[in-house]
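Student: Turn this into a structure:
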Amino acid sequence: MTSLSTLSTTSQRMDHIDAVVAQSMKTSINRFREKPLLFFTEADIQTYLHKDLITGNTPHVTIEKGIISLIHREYPTNFRYEKSRLLAGYPDEELAQTDLTNKSIKSRGHFDLVVLNPEFLHSIIGKHKTYNASIEQIINKNVYKAINRYNDPGSKHNEEVLYAIEIKYLHMFNYNHISMLDQILMDNEKLSIALRRSCGYIKPINIVFSSSKSPELIKTYMTHGKILHPSTKVEHQIKSGILNIYVEAYYDEENEKYTDRNDGALTAYCKNPKPWAIALCKNLSIKLNS
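Tutor: Presented below is the predicted three-dimensional model:
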């Protein structure tokens, strides 16, 4: 039986992780708004956010006295999907098709950045005893080991990832490409699959940075949650529970920097936001539309 002191410790640890995520995202967002030209690629932004999450936060984002980190890039999903289907989406009645056991879909995807649930790591280490045997499970590269956890009713397979973060970067070379809108839409669907498959446990964030004046279509979608696709004429709505954050900062032709919050240069949208999303936006001083 879990003691009250253990519950308290677990709750406090999760609170610390939430605080680390909030402060790190604030640092990354503020850096981008102040110096958007620091970043040439999406990988640059991911690297800075990863750095902000781990720097000075060792007690809260590692376990085993700092040996294993909770923060990782390109972490495999615990479900399968066909990338070509993400734009159309997986409705609830077809969600079973994304099971790890559905071998008709050959591969899994990856999240840009995750914060793993420390309880998942502790349980794996407790079960397998040695670090080498444990890390094979924790690193989540082997789909058959993931399927074994999925089939184990005591493994809490749906609670392995605490935060799943997708990042897109709009810049002068891609901001006006319809493919960028499609990628943002697909990231939201991937996060929706993750949220539904985790029974609401995971905290999904889709954050878009733009160092160019973004098309109103993308800004409207990120701030109000729906758009009519210009090519297919299909309406896309951000599904429930996914926090979308939009950050825009760019230099105009007179070398003046634009970061006007009142014009949507820093805003967020979440349909039916949970307390964690409301609290995060409050900590980030971002208006949350819902």
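Student: Tell me which residue lies farthest from the centre of this protein.
Tutor: Here the chain has its C-alpha centre computed as a mean, and the residue farthest from that point, by C-alpha atoms, centre = their mean, is E254 with 35.2 Å.
Student: pLDDT below threshold where in the protein?
Tutor: Counting by pLDDT under 70, the ranges of the chain that qualify are 1-8.
Student: Scan it for its longest helix.
Tutor: helix 4-34 (DSSP state H).
Student: Quick check: the gap between the residue nearest to L49 when sequence neighbours are not counted and H110.
Tutor: Computed as C-beta to C-beta, 6 or more residues apart in numbering, the closest residue to L49 that is not its neighbour in sequence is S28, at 4.6 Å. Bear in mind the C-beta positions are built from the backbone N, C-alpha and C, glycine included. Noted for S28: a distance of 20 Å to H110, by C-beta to C-beta, to the nearest Å.
Student: where exactly do the strands run in this structure?
Tutor: For the chain, the strands defined by DSSP state E cover 62-63, 68-69, 71-80, 108-116, 161-170, 203-210, 226-228, 235-237, 243-248, 250-251, 257-258, 266-269, 288-289.
Student: Most tightly packed of these?
Tutor: Here the criterion is mean neighbour count by mean count of other C-beta atoms under 10 Å, and of those the winner is strand 243-248, at a mean of 27.
Student: so the longest helix of the chain versus strand 161-170, what angle?
Tutor: For helix 4-34 against strand 161-170, the angle between stretch directions is 10 degrees (axes from the mean of the first three to the mean of the last three C-alpha atoms, to 10 degrees).
Student: Point out the other elements, helices or strands, that helix 4-34 touches.
Tutor: Taking 3 or more C-beta pairs under 8 Å, 6 or more residues apart in numbering; DSSP states H and E as the contact definition, the neighbouring helices and strands of helix 4-34 are helix 42-54, helix 58-61, helix 118-128, strand 161-170, strand 243-248, helix 275-284.
Student: Return the most buried member of the ones you listed.
Tutor: Of all the helices and strands packed on helix 4-34, as judged by average neighbours under mean count of other C-beta under 10 Å, the leader is strand 243-248 with a mean of 27.
Student: hmm, who's touching it?
Tutor: Identification of contacts with strand 243-248 by C-beta atoms under 8 Å, 6 or more residues apart in numbering yields 25, 29, 32-33, 188, 203-210, 213-214, 219, 222-223, 225, 238, 258-259, 264-270, 273, 277, 280-281, 284, 286.
Student: How about the contacts made by the residue nearest to L49?
Tutor: By C-beta under 8 Å, 6+ apart, the contact set of S28 is I45, Y48, L49, D52.
Student: Centre-most residue in the protein?
Tutor: Per C-alpha atoms, centre = their mean, the C-alpha nearest to the average position across the chain is that of I165, at 1.4 Å.
Student: so it bridges to which residues?
Tutor: For I165, the beta-bridge assignment (DSSP bridges) gives partners L113, I205.
Student: quick one: it from H110, how far?
Tutor: 12 Å.
Student: cool, and S104?
Tutor: Between S104 and H110 the computed distance is 20 Å (C-beta to C-beta).
Student: K203 too?
Tutor: Here the criterion is C-beta to C-beta. By it, K203 lies 17 Å from H110.
Student: before we move on, the earlier item: okay, the strands of the chain in CSV with distance to D99 next?
Tutor: Listed next are the strands of the chain as CSV, based on distance: least, C-beta to C-beta, whole Å:
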stretch, distance to D99
strand 62-63, 29
strand 68-69, 28
strand 71-80, 7
strand 108-116, 11
strand 161-170, 17
strand 203-210, 19
strand 226-228, 29
strand 235-237, 25
strand 243-248, 26
strand 250-251, 42
strand 257-258, 46
strand 266-269, 29
strand 288-289, 33
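Student: out of the ones you listed, nearest to S134?
Tutor: Closest approach to S134 among the strands of the chain (C-beta to C-beta): strand 68-69, 8.4 Å.
Student: From what I see, S210 and L170 are in contact.
Tutor: Yes - between S210 and L170 there is a contact under C-beta atoms under 8 Å: 3.9 Å.
Student: Now do the shared contacts for those two.
Tutor: Both S210 and L170 are in contact with I218, where contact means C-beta under 8 Å, 6+ apart.
Student: wait, what's in contact with the residue lying closest to V234 once chain neighbours are set aside?
Tutor: Counting by C-beta to C-beta, 6+ apart, the nearest residue to V234 once its immediate chain neighbours are dropped is L228, at 7.4 Å. Residues in contact with L228 (C-beta under 8 Å, 6+ apart) are V234, E235, H236.
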